[in-house]
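K.L.:
sequence and predicted structure below; questions after.
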Amino acid sequence: MTRVFSGIKPTGHMTLGNYLGAVRRWAEVDQYRSESLFCVVDLHALTVEHDPGRVLRLSRQLATLLLAAGLDPKVSTLFVQSHVDEHARLSYLLECTATDGEMRRMIQYREKSAQAQAAGEGVRLSLLTYPVLMAADILAYGTDEVPVGDDQTQHVELTRDLAVRFNQRYGQTFVVPRAVKPEVAARVMDLQEPTSKMGKTTTGTGGVVFVLDEPEVVRKKVMRAVTDSGTGCEYDPVGRPGVANLLDVLAACTGGDPEELAGVYESYGALKRDTAEAVVEVLRPVRERHAELAADGGFVDGVLREGAEKARGMARPRVDAAYRAVGLMPVG
Ligand code: AMP
Ligand code: TRP
C-alpha cells in the first residue's frame with residue numbers, strides 16, 4: 001500500500017492556504033487510500049526566533065485542528081515530531097549526505113536568512129540544515145508520496161536527491177518519494193499582497209485568513225482583498241493575480257474550475273461575496289469541531305501518545321539499517 005507522510009510547522013495559526021493546499025486533502029483523500037502519517041513538525045519551528053510557550057500552544061492547537069479537519073486516528077497516524085527520536089537521528093546521516101552548496105541554494109533558506117539578517121537576528125545553522133531534517137522526516141518512513149503545497153517542491157526534490165545518493169553509496173535503504181500537489185489552490189496568495197504566498201508568519205494579517213477566524217472576520221478579509229485594476233473577471237494569475245487568487249480559492253472551496261468561474265462573474269463585488277461565503281462554509285465545520293475537541297485535551301494527548309509510539313516502531317528499523325549501512329557499529 002502507498003505510504004504517505006506530510007507535516008505542518010507550529011510557527012503560527014493554521015491558514016486557509018495550509019488547509020486548501022494540504023490539510024484538507026490529507027483528511028478527505030490521502031488517509032483513506034494509503035497508509036498515512038501526519039506530523040506536527042515542532043523541531044522545524046526552532047529554526048527562527050520563537051517564543052517557547054507559543055510553540056507549545058501552537059503544537060497542541062495544530063494537532064487538534066488536524067483532528068477537527070477530519071484526520072481519523074483509527075485510520076492514520078498523527079504525532080509530534082519531537083516525540084520520535086528517529087527524525088533527528090536520521091537527520092545527522094543525511095547531513096553527511098547533503099552538500100553545503102545544495103543547501104545554500106534552497107529558496108526558503110535564501111528568503112528567510114535575508115529576513116533574519118534584516119531584522120538584526122543571527123541566521124541559525126538549523127535554518128540551513130532544515131530541509132535535511134525534512135528529508136529525514138520523509139525517508140524514515142519509506143514514504144512514497146508527500147502531499148504538500150507548491151512551496152515545498154524544492155525540498156521534496158532535495159529529499160529525492162539525498163535518497164538516491166545514499167542508496168547509491170551505501171546500498172538500497174530508502175524509498176525515493178514524490179511530491180503530490182492539489183490541482184487548484186496549491187499556492188493560495190495573500191489577499192492584500194497577491195504576489196506573495198499566504199503565510200502563517202506574515203506580519204499584518206489582513207491578507208491572511210486563519211482556519212479559526214470567525215465568519216465575520218473571514219468576510220471582512222475577503223471583501224477587502226486587493227483586486228487588480230480593470231474590470232471583468234479574467235483568470236490571469238500573472239497579469240491579474242488578485243482576481244486569479246479569489247477564483248482559485250472559490251474553485252477550491254466549491255469544487256469548480258477557476259477558468260470556468262471567471263466567465264460567470266462580471267463584477268469583483270459579486271466574486272468577493274461568493275468567495276467569502278464559500279470560505280466561511282468550508283471552514284465552519286472545522287472551527288466547530290475544533291471547539292469540541294479543544295475542550296477535551298486528554299483525548300488529543302492520548303492520540304498523540306499512541307501516534308508517536310506507532311511512528312517510532314515504523315521508523316526505527318529503517319533508521320537502524322541506515323546507521324549500519326554507513327558503517328556505524330551496532331551495539332554488541
Ligand atoms: P507550513 O505552514 O509551512 O508548515 O506548511 C504546511 C503545508 O501547507 C505545506 O504542505 C505547505 O506547502 C502548505 N501551504 C502553506 N502555505 C500554503 C499556501 N499559501 N497555499 C497552499 N499551500 C500552502
Ligand atoms: N517544510 C514543510 C513546510 O514548511 C513542513 C515539513 C517538515 C514537511 N517536514 C515535512 C512537509 C515532511 C512534508 C513532509 O511546510
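P.N.:
Okay, I see it. Ligands and ions are numbered 1, 2, ... in the order given.
K.L.:
can you tell me how far Val23 is from Asp30?
P.N.:
Taking C-beta to C-beta, to the nearest Å as the measure, Val23 falls 10 Å from Asp30. Every C-beta, even on glycine, is put in place using the N, C-alpha and C of the backbone.
K.L.:
typo on my end, Met314
P.N.:
Counting by C-beta to C-beta - Met314 and Asp30 are separated by 16 Å.
K.L.:
who has more neighbours, the two?
P.N.:
Asp30 (23 against 19; other C-beta atoms under 10 Å).
K.L.:
the more buried one: what's it in contact with?
P.N.:
4, 6, 36, 76, 145, 147 (C-beta atoms under 8 Å, 6 or more residues apart in numbering).
K.L.:
before we move on, which element is Val282 in?
P.N.:
Val282 belongs to helix 268-294 when assigned by DSSP states H and E.
K.L.:
is ligand 1 contacted by that helix?
P.N.:
No. Judged by C-beta under 6 Å from any ligand atom, helix 268-294 stays clear of ligand 1, getting no closer than 13.5 Å.
K.L.:
just the mean pLDDT for that helix, thanks.
P.N.:
Computed over helix 268-294, the mean pLDDT rounds to 97.
K.L.:
now the element after that helix, going C-ward?
P.N.:
Following helix 268-294 in sequence order, the next helix or strand is helix 297-325 (DSSP H and E).
K.L.:
and that following helix with helix 268-294, angle?
P.N.:
Helix 297-325 runs at 90 degrees relative to helix 268-294, counting by axes from the mean of the first three to the mean of the last three C-alpha atoms, to 10 degrees.
K.L.:
report all helices and strands that helix 297-325 contacts.
P.N.:
strand 35-40, helix 52-68, strand 77-80, helix 86-95, helix 153-170 (3 or more C-beta pairs under 8 Å, 6 or more residues apart in numbering; DSSP states H and E).
K.L.:
of those, which is nearest Glu281?
P.N.:
Closest approach to Glu281 among these (C-beta to C-beta): helix 52-68, 15.4 Å.
K.L.:
show me how this protein divides into domains.
P.N.:
For the chain, automatic domain parsing gives the domain ranges 3-181+297-325, 215-291.
K.L.:
report the distance from the last one to the chain centre.
P.N.:
For domain 215-291, the distance between its averaged C-alpha position and the chain's averaged C-alpha position is 21 Å (C-alpha atoms, centre = their mean, to the nearest Å).
K.L.:
for that domain, measure first residue to last.
P.N.:
Taking C-alpha to C-alpha, to the nearest Å as the measure, domain 215-291 stretches 15 Å from start to finish.
K.L.:
likewise for stretch 99-109?
P.N.:
Stretch 99-109: ends 14 Å apart by C-alpha to C-alpha.
K.L.:
same question for stretch 208-221.
P.N.:
8 Å.
K.L.:
now do it: everything it contacts.
P.N.:
Contacts of stretch 208-221 (C-beta under 8 Å, 6+ apart): 13-19, 65, 69, 190-191, 198-200, 202, 206-207, 222, 276-277, 279-280, 283-284, 286-287, 290.
K.L.:
which of the residues in the helix holding Val282 are buried?
P.N.:
Using 16 or more other C-beta atoms under 10 Å as the test for burial, helix 268-294 gives 268, 271-272, 274-280, 282-283, 286-287, 289-290, 293-294.
K.L.:
report the secondary structure state of the closest residue to ligand 2 within the stretch 1-150 of the chain.
P.N.:
Residue nearest to ligand 2 within the stretch 1-150 of the chain: Gly7 (3.4 Å; C-beta to the nearest ligand atom). What DSSP: H, G, I helix; E, B strand; the rest coil gives for Gly7 is strand.
K.L.:
per-residue confidence for Gly21?
P.N.:
Taking Gly21 on its own, its pLDDT is 95.
K.L.:
so who does the residue lying closest to it once chain neighbours are set aside touch?
P.N.:
Nearest residue to Gly21, sequence neighbours excluded (C-beta to C-beta, 6 or more residues apart in numbering): Gly149, at 3.3 Å. The contact partners of Gly149, taken as C-beta under 8 Å, 6+ apart, are 17-18, 21-22, 181-182, 186-188.
K.L.:
ligand 2 contacts on this protein?
P.N.:
Residues of the chain lying near ligand 2 by C-beta under 6 Å from any ligand atom: 5-7, 9, 41, 44, 134, 137-138, 146, 148, 152, 155.
K.L.:
switch the cut-off to 8 Å
P.N.:
5-9, 22, 39, 41, 44, 81, 108, 130-131, 133-134, 137-138, 143, 146-149, 151-152, 155-156 (C-beta under 8 Å from any ligand atom).
K.L.:
residues from the protein in reach of ligand 1?
P.N.:
6-9, 11-12, 14-18, 20-23, 41, 44, 147-152, 182, 185-190, 197-200.
K.L.:
what's the helix or strand for Gly239?
P.N.:
Using DSSP H and E, Gly239 falls outside every helix and strand.
K.L.:
please apply the same query to Val176.
P.N.:
Counting by DSSP H and E, there is no helix or strand that carries Val176.
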